[in-house]
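[1] can you look at this prediction? I've put the sequence above it.
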Amino acid sequence: MEKNDKIYVAGHRGLVGSAIVRSLERQGYTNVIGRTHSELDLLDQLAVRNFFEAERPDVVILAAAKVGGINANNTAPADFAYENLQIQCNVIKCAHDYKVKKLLFLGSTCIYPKMAPQPIPEDALLTGPLEQTNEAYALAKISGMQMCKYFKRQYGDNFISCMPTNLYGPHDNYELNGSHVMPAMIRKFHEAKVNNTPSVELWGTGSPLREFLYVDDMADACVFLLENYEGEQHVNIGTGKEVTIKQLAETVKKTVGYEGEIVWNKDMPDGTPRKLTDVSKLHEMGFCHKVDLEEGVELAYNWFKENVASARM
């Protein structure tokens, strides 16, 4: 990429997209553009085509997606499948038709089989059944990644994919029925502390193992791949470190300063028992994360406190 390339970040105001914009600007890219949903509905094929016709971006980063936690995925699978497939088809096809120099597609850890080998290597994709609670979202993301591969294979398009692990940080979604585990915990413990609530209920048993990556580290990895990678296979982005959900809860509780009790609702689903990415490929290329979990949780909580009035709640 050139520093003056016109770079379109789809989803530039979300958790992922806003971090990528920050990373690009830190690294001297001067022509980064984005559109809000009201300005450009990525579900509208004609609107997307008109945008590409008018703007002619050199580089596209596809970070826009309909996302949510276990409950949201469980209750609205058709919405998750349709909206994500539609967004991906519209943007990727236009990137091809308008001869974009490079496109980066962002996947999700749920693309891997429920019982994938641990840590999960990139070649575990499509080797077994998916976790049922987020199967619709996973299938959409797999389709997007494979589409990038097929456009590269058939037409020589420089389309690459990456697979970030569980992300958290500024501009996360704190709406309890649709958020992921980290922002849900931050909000629950914060509100319990403010309201002097004696206990906080969390879902599941607390036993599943998860990996968490601070979103600015993810963004730096994305820019690194755009600058250094052109392979057909997607690349895992993560820390290579894991904690139980119970350990995460204790870390968030301590960071927030909540002194009440944690009550685990074991009637609610745990999801996949373990998800740890094999990040050896990324490390061998020369990139490693910088922010460890304790520091990241503190950064995320400080942002939440400072932006609680405007955060997605």
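    Right, received. Where do you want to start?
[2] buried sites along the helix or strand hosting N302?
    Take DSSP states H and E as the rule and N302 turns out to sit in helix 293-306. Buried residues in helix 293-306, counting neighbours by 16 or more other C-beta atoms under 10 Å, are found at L293, G296, V297, E298, L299, A300, Y301, W303, F304. Every C-beta, even on glycine, is put in place using the N, C-alpha and C of the backbone.
[3] the fourth one touches T255, doesn't it?
    Spelled out, it's E298. Yes: counting by C-beta atoms under 8 Å, E298 touches T255, with 5.4 Å between them.
[4] just name whatever secondary elements the helix or strand hosting L24 is in contact with.
    Using DSSP H and E, the element containing L24 is helix 15-26. Judged by 3 or more C-beta pairs under 8 Å, 6 or more residues apart in numbering; DSSP states H and E, helix 15-26 is in contact with strand 7-10, strand 32-33, strand 166-168, helix 215-228.
[5] and the angle for it with helix 215-228?
    60 degrees (axes from the mean of the first three to the mean of the last three C-alpha atoms, to 10 degrees).
[6] what lies in contact with helix 15-26?
    7, 9-12, 32, 34, 61, 63-64, 106, 164, 167-173, 215-216, 218-220, 222-223 (C-beta atoms under 8 Å, 6 or more residues apart in numbering).
[7] pull out the buried residues from these.
    Buried, going by 16+ other C-beta under 10 Å: 7, 9-12, 32, 34, 61, 63-64, 106, 164, 167-173, 215-216, 218-220, 222-223, out of these.
[8] follow-up on the earlier one: let's have the helices and strands packed on helix 15-26 in CSV, adding distance to N74 and mean pLDDT.
    Putting the helices and strands packed on helix 15-26 into CSV (distance: least, C-beta to C-beta, whole Å; pLDDT from 0 to 100) gives the following:
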stretch, distance to N74, mean pLDDT
strand 7-10, 26, 98
strand 32-33, 35, 98
strand 166-168, 17, 94
helix 215-228, 24, 98
